[in-house]
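S.K.: From the sequence below, what's the structure:
(2 chains)
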Amino acid sequence: MKTRREFLKAVPEVVLAAAGLTVLAKAAAKAAGVGGAEASDTMGRMVADLKRAMAKPADQRRWAMGIDLRKCIGCEACTVACRSENKTGPGVSYRPVLVENTGTFPEVKRTLTPKPCMHCEKPACLAACPEGAIKRTPDGIVYVNYAACKGVRACIPACPYEVPNFDDGGYFTDNTPAVQAYEKAAAYEMGVKLARNKDGKAPMGRTRKCTYCFHRLQSGTLPACTTTCIGHATFFGDLNDTDSLIFELSVSSRMRRLKESEGTRPTTFYLV
Amino acid sequence: MDEKKSEPLACTRKKFLQSAAFLGGSAMLSPIFDRASGLIGEACAAELPGYELNNAANYISSVCLQCNTGCGIKAKIVDGVVVKIDGNPYSPWTMFPHTDYETPLQKTEKLDGAICAKGQAGLQTAYDPYRITKVLKRIGKRGENKWATIPFDKAVDEIVEGGLLFKYVPGEENRQVEGLRSLYALKDPGVAKFMAADAKKVGKKKMTPEKFKKKWREQLSALIDPDKPDLGPKNNQFAFVWGRLKDGRGDMIKRFTGDSFGSVNAHGHTTVCQGSLYFTGKAMSEQWAYDEKENHVKWSGGDKFFWEADDANAEFILYSGVSPMEGNYLSYRAPRISDGVASGRLKFAVVDPRFSNLAAKAWKWVPNKPGSEGALALGLMRWIIENKRYDAAFLSNANKAAAAADKESTWCNASWLVKLDEKGHPGQFLRASEIGVAPEKRTGAGGDYEYESMVVMKGSSAIPCDPYNEKTSVEGDLEFSGIVNGQTVKTAFLLLKESAQEKTLEQWGELCGVSAAVLEELAREFTSHGKKAVADIHRGVSQHTNGYYNCHAMFTLNLLVGNYDHKGGLIKAGTYDFRGDKANGPFNLKNLHTGKQSPFGTPIIRNEKYEESTLFAGYPAKRPWYPLASDIYQEIFPSMGDAYPYPVKAMILYMGSPVYSLPAGHKNIEVLKDPAKLPLFITSDITIGETSMYADYIFPDLTYLERWEFHGSHPTIVQKVMPVRQPVIAPLVETVTVAGREMPIGLESMIIALALKLGLSGFGKYGLDGVDFYHQDDLYLRMVANLAFGEKSDGSASVPDASPEEMELFRQARRHLPKSVFDEARWKKIVGYALWPKVVYVLNRGGRFANSSKDYEGDLASNKYGKLANMYCEKTGTTKDSMTGKKLHGVATYVPAGLDCLGRPLEDSAYPLQLITYRRAQHTKSRTVTNYWLLDVKPDNSFLINPADAGAAGIKDGDLVKVVSASNPEGVWQLTDKWAKPMIGRAELDSGMRPGVVAFSLGMGHWACGAGDVMVNGLTIKGDERRSRGVHANAALRVDPYLKNICLTDSVGASAVFYDTRIRLEKAG
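M.R.: Got it, this is the predicted structure:
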């Protein structure tokens, strides 16, 4: 696994969302107070933001995820929640957390960086797939169409963020007294109830990646990583909604995107 | 893609499939995906995607137990299988702010709260392929891991009746095992009560053994030793011991062991966690109160508890030896700390030799020498006192009225006068009668008695002070030293000042390995935020040989700013009553037991005064006595090994693994593997664990997803709460029939069956005082009913009735449960028709939780400690150490860390490094290794070592190294005569370690719990190598050199010591 340093190396540029200047200034002022508005129920606000977003046609919203690195506590609740929600098997992880320690005693630093899919506007994985199996929804979710994916795995080296993983069909409880039923239970990725219980059938033998929990969004619930974020570090919403929390955060001067130079235009961003 | 499985999806999808007329298999997925992604028009989107997990009919709200935090959970179920766990938004643990209790269930179904990685992985604890489902009986030697399944009834029969139970095991052919029936010797509670009083007199030398024996000649055969009647009856030779125990199940065990069987030996595991912290809380909360049994006033009623910081409102926190971003009620604390830092409200320092995730977010990391936490607090106090930066008004308040006048709910005894003996050692407080003020005549439940007040100085006069007087405010001078009516006295505050001035700031700094400048900076910051500054502590402070005094120094630091009960200060937990005590109903459980036993005698852990025992034989005692503590886990097996105070003949161990969890836990094995030392050993466990592998019988238990419990709260939680754990899946263990009723095998069925077989009171026909007690639900549902009814006897504090919609959701969510677990008619009958909808209301919410609007009353927390907090603890100050015979200190005092039970420093200079332990956010001590999702995050652990130390030892990053210490120079776990597991782990160079200190995280390096091979019914079940990865180095932790079979222990607060061992890392392979 790469260290976080390698990931964040190329991030200095601040890219502000394309928004009107007035709105921008207003939101930036508000953003200073975000988190400052403590116990202001950021979860409640994101739930309301989601409701507004889902009332709109898909092509009028633009999903984004923001991760505040000051607030990430490195607990990896998101990593496991995602695994449980999406029934990913061994070797597939949609949301690892990278740990980087620097400095010498006693001047040391630790940076914790959760790394979900960047859901790029110009996804390198999509371009690399020879089968056209990777698609992007009008609201910006980049997903693997398991029906079309043939497990070629061209997307894996193409992604500058090392996001896609190949599902080789194993279970965690292989080689134990019994493979357990929960491992074969269905996930609901992209809204399809699909059990991971047959050799070689989807999603086994496919490349897999984060979908921003599309299926949860569709039914009015925020992504699993976001709801279970103990440090209150993960934010989600519709960038096209200037009243939304995610928009406020996106125009903060602390906003960074990974590897801007790749030209992939990630919608997942960080607050540093 | 399985077409049949897809059927229940929205009808739009079905229609689509028909029109599309695709073939089966994966080819059909393509258009569905496209549509799902929004390409097929918005109209369909609302009906997509058939997501089943945010529907209240498909989850049950319960409580996590992956660690002890107790987060509310939604266990989401499909086809009877828990497939996902998320946080319960009604629980203040998982959502901040949490959802108001009155919110209809349906409105919260789409809302998930936050739980940690362990909680998310919890279903893997229930669905562990290595779980046991039937009773196992040992057919090899202890520890050989050769088992046979045995019918539940037969196991119960053998345990009760005893006999040649292991005649087929070589060496045990003729071993006659005494069953529980022969230990159930004293059966008459009336006799026991009077005998107990006389036995106590014998211990106190107020009655001769001869006189006792004559008086009780008919009963002597029921005693362990008629010449030492204070040891109690033979019933005490049965012990029930537990690791993680919560209420409900705790009530069940205590009812069985004490109230029904009549043994005093029901003991928990507190000292392995944070014993000295709890017993500092107990000492500081002792009150000068009337004791109705003894009919006089004494220091009593101290709560076994502690305080923590109000993270959500504090401005400055000094976290010491605590890591709430990895452990310590993580999910409740971390968001509050995280939000506080992000907003700029909270600034904090972290005192920890290891750079924890909390330290990574700190204003200042203070990497101290382990064990110097008390010295650090004393250093801060010296500066604060000398610079007069303390809250003098708070400290001067000598009683309740004075506190109330300042709008304080608590007060302390800083100004009270303490008498000094001829050597200048402080002892009791000066009593008002000693300045000529006659004690007040009062009448209590036990008759007329005299109430003594204490004394303070005001100017030049000594004045009496009744600590609880609400009308006459008494304030005292803080610094006084002199002679009052012939008695040499000092104020408690002056004693503290002298203690803090014992060393200069530089000297304190040197002891801590921290500069005086840093101490000053911390002290200045601590006293710059009024009452919104707080010192917050946990295991890193308490699990040293000086743990009690470390904790007392830290809590005294809090007294100096008077932050107790303050918003942003120090908080105590508050819970709703579920025993029906406060409302005296609807089911007041303390009254629901006719023929309750009166257990008496010395507990095997000896938490009594040595001097008042017939075993008193001068100093040192054969083994230590701990009159200020209880639940002294590490003493249980070594005491049995030494048969001191007496031999134990049968024991049940519940949800505990002392071998794995205790420091030097390997020494327990020497006792456990020897049937002569512990003739009958039964465990209740979910796997064959590191300790249950030595059992004679293992009863499979229910996991937290299959059982009831009342989880309670923790000191940092400001809300009044009572989370309820309830069955969410059909039990995976065997179902058995007890007295004609079906129930899963588990702790409860084991206890009920044993009690019925023995014919004990309090179980079976009319076991609940006129009501039958045959099934766990008979007890637990009544507890839920009490919780729902509330704490007012007129019912005005009850919860609302569940709406018809909620009643239906309740049923729907339990549609997969068998009738032996959930049966609406049976349940309704137990609690009564009137309370039933209220019970459902509580269960639908996973417990009872106060709304966040009720957290505070002005500047104070709503859940108040609300009484005297002792700066000087008289009870401690008048107690002698049972080994040294020396008097203890009543005020916060510097005591060095790393002493043996005789108070001698350890001579381990050949070992250059100090070993400490820590917990990662992904693991609990002994029980999460079974969770593969957690192992996937990080498959092992390592020895964290500073690069400079590694360099000196020639160790490189990633090298395999073995840990050795003076008491384990081989560096092995000697598990059986033939099996030794070396303590070898990976070295990880980490600049975040204080030089000289090495750390490893707990939870890895298993050899049981599915990690090793076991043989059951002749078949070998291969262990899973993944569970054995990493290293568990507890066996390197120092054995007490005098006692030789136990870890180092704090002689005052009884903590098992994790952090005072010197070690060496040697390259391995």
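
S.K.: C-alpha only now, for contacts and for neighbours.
M.R.: Noted.

S.K.: The residue lying closest to B:L165 once chain neighbours are set aside and chain A, how far apart?
M.R.: Among residues not flanking B:L165 along the chain, B:V177 sits closest, at 6.6 Å (Cα to Cα, 6 or more residues apart in numbering or on different chains). Separation of B:V177 from chain A (Cα to the nearest Cα, to the nearest Å): 34 Å.

S.K.: got it, and B:S409?
M.R.: Distance of B:S409 to chain A, computed by Cα to the nearest Cα: 26 Å.

S.K.: Now that residue: closest residue in space, sequence neighbours ignored.
M.R.: Nearest to B:S409 is B:G866, by Cα to Cα, 6+ apart, at 4.7 Å.

S.K.: Could you do B:I604 as well?
M.R.: Counting by Cα to Cα, 6+ apart, the residue nearest B:I604 is B:P645, at 6.1 Å.

S.K.: The one you found touches B:P229, doesn't it?
M.R.: No - using Cα atoms under 8 Å, B:P645 makes no contact with B:P229, being 11.9 Å away.

S.K.: Which one's more surrounded, the two?
M.R.: B:P229 (27 against 17; other Cα atoms under 10 Å in any protein chain shown).

S.K.: So what does that one look like in phi/psi?
M.R.: Torsion angles at B:P229 (phi, psi; degrees, to the nearest 10) stand at phi -60, psi -20.

S.K.: Contact partners for it?
M.R.: Counting by Cα atoms under 8 Å, 6 or more residues apart in numbering or on different chains, B:P229 touches B:A199, B:V202, B:G203, B:P209, B:L223, B:G601.

S.K.: which of the residues you listed are buried?
M.R.: Buried by 16 or more other Cα atoms under 10 Å in any protein chain shown: B:A199, B:V202, B:G203, B:P209, B:L223, B:G601, out of these.

S.K.: in the sheet, who's paired with the fifth one?
M.R.: For B:L223, the beta-bridge partners under DSSP bridges are B:P233.

S.K.: Show the residue spans covered by the strands in the stretch 401-550 of chain B.
M.R.: B:411-412, B:417-420, B:426-429, B:440-444, B:447-451, B:454-458, B:461-465, B:481-484, B:487-491, B:533-537 (DSSP state E, counting those that start in this stretch).

S.K.: pLDDT below threshold where in the stretch 401-550 of chain B?
M.R.: The model of the stretch 401-550 of chain B has no residue with pLDDT under 70.

S.K.: Which parts of chain A are strands?
M.R.: For chain A, the strands defined by DSSP state E cover A:63-68, A:97-104, A:107-114, A:134-136, A:142-144, A:165-166, A:186-187, A:194-195, A:207-208, A:234-238, A:255-256, A:268-271.

S.K.: Repeat that for the stretch 101-250 of chain B.
M.R.: In the stretch 101-250 of chain B, the strands defined using DSSP E, counting those that start in this stretch lie at B:136-138, B:146-149, B:238-242.

S.K.: now the stretch 701-850 of chain B
M.R.: So, for the stretch 701-850 of chain B - with DSSP E, counting those that start in this stretch - the strands run B:709-710, B:720-725, B:735-738, B:741-744, B:847-849.

S.K.: Please report the distance of B:M651 from chain A.
M.R.: In this view, B:M651 and chain A are 31 Å apart by Cα to the nearest Cα.

S.K.: Break chain B down into its domains, please.
M.R.: Chain B resolves into domains spanning B:3-45, B:152-281+B:599-710, B:913-1067 when parsed by automatic domain parsing.

S.K.: Burial check on the nearest residue in space to A:S244 that is not next to it in sequence, number of neighbours?
M.R.: Nearest non-adjacent residue to A:S244, counting by Cα to Cα, 6+ apart: A:D49, 5.7 Å away. Neighbour count for A:D49, taken as other Cα under 10 Å: 19.

S.K.: Who are the contact partners of A:D49?
M.R.: By Cα under 8 Å, 6+ apart, the neighbours of A:D49 are A:G237, A:D238, A:S244, A:L245.

S.K.: Which residue, other than its chain neighbours, is closest to the last one?
M.R.: What sits nearest to A:L245 in space, not counting adjacent residues and going by Cα to Cα, 6+ apart, is A:M46, at 6.7 Å.

S.K.: Look up how far B:P818 lies from the closest residue to chain A within the stretch 601-750 of chain B.
M.R.: Nearest residue of the stretch 601-750 of chain B to chain A, counting by Cα to the nearest Cα: B:L732, 12.1 Å away. Using Cα to Cα, to the nearest Å, B:L732 is found at 11 Å from B:P818.

S.K.: higher neighbour count, these two?
M.R.: Between B:L732 and B:P818, B:L732 has the larger neighbour count (other Cα under 10 Å), namely 18 against 13.

S.K.: How about the residue in the stretch 151-272 of chain A that chain B sits nearest to, nearest residue that isn't a chain neighbour?
M.R.: For the stretch 151-272 of chain A, the residue closest to chain B is A:T228, as judged by Cα to the nearest Cα, at 3.6 Å. Closest residue to A:T228 apart from its sequence neighbours, by Cα to Cα, 6+ apart: B:A114 at 3.6 Å.

S.K.: So what's the residue count around the one you found?
M.R.: Residues near B:A114, counting by other Cα under 10 Å: 33.

S.K.: Make CSV out of the domains of chain B and add distance to A:T176 and mean pLDDT.
M.R.: Listed next are the domains of chain B as CSV, based on distance: least, Cα to Cα, whole Å; pLDDT from 0 to 100:
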stretch, distance to A:T176, mean pLDDT
domain B:3-45, 27, 31
domain B:152-281+B:599-710, 14, 98
domain B:913-1067, 7, 97
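
S.K.: closest to B:I73 out of these?
M.R.: Proximity to B:I73, assessed across the domains of chain B by Cα to Cα, is greatest for domain B:152-281+B:599-710 (10.3 Å).
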